[in-house]
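S.K.: give the three-dimensional model of this entry:
(chains A and B)
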Amino acid sequence: MGDTLLEMRGITKTFPGVRALDNVNIAVRPGEIHAVVGENGAGKSTLMKVLSGVYPSDSYQGEIHFDGQPRRFAGIADSEELGIIIIHQELALVPLLSIAENIFLGNEPGRRGVVDWHQAHVRTRELLERVGLREPPTSLVGKLGVGKQQLVEIAKALSKRVRLLILDEPTASLNERDSEALLQLLLGLKAQGIACILISHKLNEVLKVADAITVIRDGATIETLDCAGGGISEDRIIRGMVGRDMAHRYPQRTPKIGEVFFEVRDWHVFHEQHADREMIKGIDFNVRRGEIVGIAGLMGSGRTELAMSIFGRAYGQKISGEVRMDGAVVDVSTIGRAIAHGIAYVTEDRKGAGLVLDDEIQRNISLANLRGVSRAGLIDEQRETEVAEEFGRAMRIRCSGVRQRVVNLSGGNQQKVVLGKWLFTRPRLLILDEPTRGIDVGAKFEIYSIIDELAQRGESILMISSELPELLGMCDRIYVMNEGRFVAELNVADASQERIMRAIVNAEDC
Amino acid sequence: MSAVIASPQAASGRGYFKSHLRDYGMLLSLVVIMVLFQVLTDGVLLQPLNLTNLLLQNSYIVVMALGMLLVIVAGFIDLSVGSVCGFTGALAAVLMVQHEWHWVPAIAASLVVGALIGAVQGWFVAYARIPSFIVTLAGMLVFKGLSLALLAGQSVGPFPVQFQKISSGFLPDPLGGESLRLLSLALGVAAAAVLVLTEVLARRKALAHQMEAEPPLFFGVRIAAFAGAMVYLSWLLSTYKGLPNVLVLMSVLIVIYQFVTGRTVIGRRIYALGGNEKAARLSGVNTPRLAFLTFVNMGVLSAVAGLVFAARLNTATPKAGMGFELDVIAACFIGGASAQGGVGKVLGAVIGAFIMGVMNNGMSILGVGIDYQQVIKGSVLLAAVFVDVYNRNRV
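M.R.: Residues are numbered from 1 along each chain as shown, chains lettered A, B, ... in the order given. So this is what the prediction gives:
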């Protein structure tokens, strides 16, 4: 051992007009967990597509050596045959098929097109045991949570005799507990000699499991850090990623907190489809002027459901309770009314519910406030362009012009477009649901600055996040949510990751 | 991936053409097809009599294509338009001929019934959330059956002369031109002038605000071609009987729908609804009501088309409207609408309808059988969409 399993040398890949990868080098040892980090758009995904054969070997320059032999992949099938298997961020499972059917999809055991389901189920059970998933092979994948679906993907990889597993942001949509379980599984696979390339934005997780870290910036390898000796810190990695020291990951805030502006009392919400399932069980909270209030909680604790039900009943049924602004009860029973009262909700599902992807930046920015760019029902396109350009400049949206379609922007810039759309409604209460999910460090800082600026102006902000450091870094006050209730309220000075987690765990024990 | 927001540059000719290929491509295809058939038919295609017929034959398809475009852009489909068209025409016929209604209330009743039909189908689609394909497939069967029942399997006609005038009438000529209908010609010239004027003003305004604008050459050629075509066609028509009433009706509707889709808040919201329903809803758009209204609108336009068609034949037959939905939907897709919703233009659908219409007409003159006409039309539809998708993936 100690030699290299995979070596990619001098990989250069150009698209028309852009050099996506520029002389990238990476070497993975057998049984190693090798993290690849870099900002969005740095070229990580392109590199993995080169490795897995999505881009055939004649479309780039450079060499790939696997097991010491030079390899040329014409397609994914070639790389899979060697045991290089990639699991994408968006899982490639069929929700209406069972676990076993998914695992053997395209690789069905049996003869002459007749599937041997008995064998498939037996082997599925073995594989599920290896990944620690206790579900019958006949369960429909769509009924499983994201964390379990992730495990099914890994089981599927194992069924193909994987030797190098590539995971693209595997924990992006998992809660803390599932993320931890997944990381433990990777360590277990490592013990069995399976190497792994882990692409992640979550540096704390990277540091926990990685043996080596390759940093990519602007399509080029910056450095490879060896974690064996310890002593690598998050700040050290970030310096490599952004090419400079980031003294602060959050803007320096000087909160100017005023009177209570927004208040919710005795809020109850029932599940959208199952009328007897109570999702929000009597919640009271308030947000003051100029205050940033955080909501912490595990996925499934009802954070998004709470926010969306307040935002014009965009979620749920049989909603009861009252919403007050400046002490007076307000009617927020439709989304239109909520917006008219100055409430804005930035969704966690940027692509699915935040943007019209095929449409232009300017049309996305004006969508929630078309009145602001029209007179008597007629849209003034010049005004619309001016508004979009103004937000584009203020928020530093990187694009070729406001007529560019948002589908071609990076995640961070897309998020800025969504934010711009809501800022144009001149909100007095801005609800942010996972505002920095899946975007890079630099863009995160810019988004934090925008949020801070809004609070400085005296607007109220409610921020939902799974990343506790983010809540601790940005908020003045944090509510901890568990199973449809607020179980703790902490001032940021007293709050810590441990205290928040303890509040959740204590609540579960009761 | 360049600098932070650059102000849009004055587009270079080639880059502009490439990014607007679809808009120009459509128009070019129509011109090429017209020239082709003009040559193949030894000039019969653009003879005033034939041109008049061509417009009359396609008017009802164009009218329904306007509504269908909105439905498709909103992310739905309506298969029932042919049946609704037949049914409303039959209803007007029965009211006028068998119940001896005056033609005005008969027309009003048909339009109201069209709106109601659209409302019922729209309710199932928008509020009961049943896929529009299924709802309107059911509607197609139901209204085909109801027109049969209403007419008791017979043809009903003829109609009062004033009603026939909807389709068979021409603009009167108070100027008393004998061989040349002066009013019609003047209207055509005036419309062309208005077009040139509005386009020039819009372009000047855009340039003043440094917005992206067509390169001068494209602008000049396009405007000249459009205005020239309008003047030429109205001159041709004026040498026959003048501008048909239907053409005037159709033109007014086209202008209205072009305006609504391009300039108004409600138009913009329809595009957002089709582009991403969730995002539109969370942005405060009342998406169910908007979906409902697009179907009501479709119902009314189907009724308009039904009246035009009945007036043209001067009789309502149980077979009226059969298969129209296919031509209407094809027109929208040839015109660049996307089956996924969110994409499509009114002028595209109109051009699409005329591409189909010119081919129908041209092939009939050439004596191509109805069998191969269909084969050719189907192939053209597939080819048009294929080219469209291919171009989009390449960019």
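S.K.: where along the stretch 201-350 of chain B do the strands fall?
M.R.: For the stretch 201-350 of chain B, applying DSSP state E, counting those that start in this stretch gives no strands.
S.K.: contact residues of it facing chain A?
M.R.: Within reach of chain A by CB under 8 Å from any CB of the partner chain, the stretch 201-350 of chain B has these residues: B:205-206, B:209, B:211-212, B:263-266, B:268-269, B:271-272, B:275-276, B:278-286, B:342-343. In this view, the C-beta of every residue, glycine as well, is placed from N, C-alpha and C.
S.K.: how does it look with 6 Å?
M.R.: Within reach of chain A by CB under 6 Å from any CB of the partner chain, the stretch 201-350 of chain B has these residues: B:209, B:211, B:263-265, B:272, B:275-276, B:278-279, B:282-284, B:342.
S.K.: ok, which pair from those residues is furthest apart?
M.R.: Using CB to CB, those span at most 32.8 Å, a distance reached by B:209 and B:278.
S.K.: the closest residue to residue B:185 other than its chain neighbours and residue B:196, how far apart?
M.R.: Distance criterion CB to CB, 6 or more residues apart in numbering or on different chains; nearest residue to residue B:185, sequence neighbours excluded, is residue B:238 at 4.1 Å. Taking CB to CB, to the nearest Å as the measure, residue B:238 falls 20 Å from residue B:196.
S.K.: can you check residue A:353 too?
M.R.: Distance of residue A:353 to residue B:196, computed by CB to CB: 44 Å.
S.K.: which SSE is immediately downstream of the helix or strand of chain B with the lowest mean pLDDT?
M.R.: When the helices and strands of chain B are compared on mean pLDDT, DSSP states H and E, helix B:13-19 comes out lowest with a mean of 63. Sequence-wise, the next helix or strand downstream of helix B:13-19 (DSSP states H and E) is helix B:21-40.
S.K.: send the alpha carbons of that following helix over as CSV?
M.R.: Extracted as CSV, the C-alpha positions of helix B:21-40 are listed here (Å, rounded to 0.1, in the frame of the first residue of the first chain):
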residue,chain,number,x,y,z
LEU,B,21,-32.6,33.0,-34.3
ARG,B,22,-35.9,31.5,-33.3
ASP,B,23,-37.9,34.8,-33.9
TYR,B,24,-36.4,35.4,-37.3
GLY,B,25,-36.3,31.7,-38.2
MET,B,26,-40.1,31.5,-37.9
LEU,B,27,-40.7,34.5,-40.1
LEU,B,28,-38.2,33.3,-42.7
SER,B,29,-39.8,29.9,-42.8
LEU,B,30,-43.2,31.5,-43.6
VAL,B,31,-41.7,33.6,-46.3
VAL,B,32,-39.8,30.7,-47.8
ILE,B,33,-42.9,28.5,-47.8
MET,B,34,-45.0,31.3,-49.4
VAL,B,35,-42.4,31.9,-52.1
LEU,B,36,-42.1,28.1,-52.7
PHE,B,37,-45.9,27.7,-53.2
GLN,B,38,-46.1,30.9,-55.1
VAL,B,39,-43.6,29.5,-57.6
LEU,B,40,-45.0,25.9,-57.6
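S.K.: off-centre distance for that helix?
M.R.: Offset of helix B:21-40 from its chain centre (CA atoms, centre = their mean, to the nearest Å): 17 Å.
S.K.: quick one: average pLDDT of that helix?
M.R.: Regarding helix B:21-40, the rounded mean pLDDT is 83.
S.K.: who touches it?
M.R.: Identification of contacts with helix B:21-40 by CB atoms under 6 Å, 6 or more residues apart in numbering or on different chains yields B:45-46, B:336, B:348, B:351, B:355, B:358, B:362, B:391.
S.K.: I'd like those residues laid out as CSV, including secondary structure, distance to residue A:299 and pLDDT.
M.R.: Formatted as CSV, the contacts of helix B:21-40 follow (DSSP: H, G, I helix; E, B strand; the rest coil; distance: CB to CB, whole Å; pLDDT from 0 to 100):
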residue, secondary structure, distance to residue A:299, pLDDT
B:45, coil, 65, 89
B:46, coil, 67, 88
B:336, coil, 42, 88
B:348, helix, 44, 91
B:351, helix, 50, 92
B:355, helix, 52, 91
B:358, helix, 58, 92
B:362, helix, 62, 92
B:391, helix, 41, 71
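S.K.: let me know the closest of those residues to chain A.
M.R.: Using CB to the nearest CB, the shortest approach to chain A within the contacts of helix B:21-40 belongs to residue B:336, at 13.3 Å.
S.K.: so the residue nearest to that closest one when sequence neighbours are not counted versus residue B:140, what's the distance?
M.R.: Excluding the flanking residues, the one nearest residue B:336 by CB to CB, 6+ apart is residue B:348, at 4.3 Å. Distance, residue B:348 to residue B:140, using CB to CB: 25 Å.
S.K.: which of those two has more neighbours?
M.R.: Comparing residue B:348 with residue B:140 by neighbour count (other CB atoms under 10 Å in any protein chain shown), the higher total belongs to residue B:348, at 23 against 20.
S.K.: ends of stretch B:167-187, what's the gap?
M.R.: The first and last residues of stretch B:167-187 sit 19 Å apart, counting by CA to CA, to the nearest Å.
S.K.: show the average pLDDT along that stretch.
M.R.: Per-residue pLDDT values across stretch B:167-187 average out to 79.
S.K.: could you pull out the buried residues of that stretch?
M.R.: Going by neighbour count (16 or more other CB atoms under 10 Å in any protein chain shown), the buried part of stretch B:167-187 is B:167-171, B:173, B:177, B:181, B:183-185, B:187.
S.K.: which one of the residues you listed is nearest residue A:343?
M.R.: Closest approach to residue A:343 among the buried residues of stretch B:167-187 (CB to CB): residue B:187, at 52.0 Å.
S.K.: confidence score at the residue nearest to residue A:132 when sequence neighbours are not counted?
M.R.: Once flanking residues are discounted, residue A:132 sits nearest to residue A:185: 6.3 Å by CB to CB, 6+ apart. pLDDT recorded at residue A:185 is 90.
S.K.: so where does residue A:185 fall, helix or strand?
M.R.: Per DSSP H and E: helix A:176-191 holds residue A:185.
S.K.: can you point out the buried residues in that helix?
M.R.: Across helix A:176-191, burial judged by 16+ other CB under 10 Å covers A:176, A:178-179, A:181-183, A:185-186, A:189-190.
S.K.: so which of those residues comes closest to chain B?
M.R.: Proximity of those to chain B (CB to the nearest CB) peaks at residue A:178, which lies at 25.3 Å.
S.K.: I figured the closest one hits residue A:146, correct?
M.R.: No - assessed by CB atoms under 6 Å, residue A:178 is found out of contact with residue A:146, at 7.6 Å.
S.K.: got phi/psi on the closest residue to chain B within the stretch 401-510 of chain A?
M.R.: Residue nearest to chain B within the stretch 401-510 of chain A (CB to the nearest CB): residue A:401, separated by 4.7 Å. Recorded main-chain torsions at residue A:401 are phi 160, psi 160, according to degrees, to the nearest 10.
S.K.: gap between the most centrally placed residue in chain B and residue B:94?
M.R.: When CA atoms, centre = their mean is applied to chain B, the residue found nearest the centroid is residue B:62 (2.9 Å). In this view, residue B:62 and residue B:94 are 26 Å apart by CB to CB.
S.K.: lowest-confidence member of the buried residues of helix A:176-191, which is it?
M.R.: The member of the buried residues of helix A:176-191 with the lowest pLDDT is residue A:176, at 76.
S.K.: so what pLDDT did the closest residue to that one other than its chain neighbours get?
M.R.: Once flanking residues are discounted, residue A:176 sits nearest to residue A:298: 6.9 Å by CB to CB, 6+ apart. pLDDT for residue A:298: 75.
S.K.: OK, contacts around residue B:242?
M.R.: Residue B:242 makes contacts with B:170-171, B:173, B:181, B:184, as judged by CB under 6 Å, 6+ apart.
S.K.: wait, which of those is closest to chain A?
M.R.: Chain A lies nearest to residue B:171 out of these, by CB to the nearest CB, at 30.3 Å.
S.K.: my guess is the closest one meets residue B:241, correct?
M.R.: No - Residue B:171 is not in contact with residue B:241 according to CB under 6 Å; the separation is 8.8 Å.
S.K.: no more questions from me, cheers.
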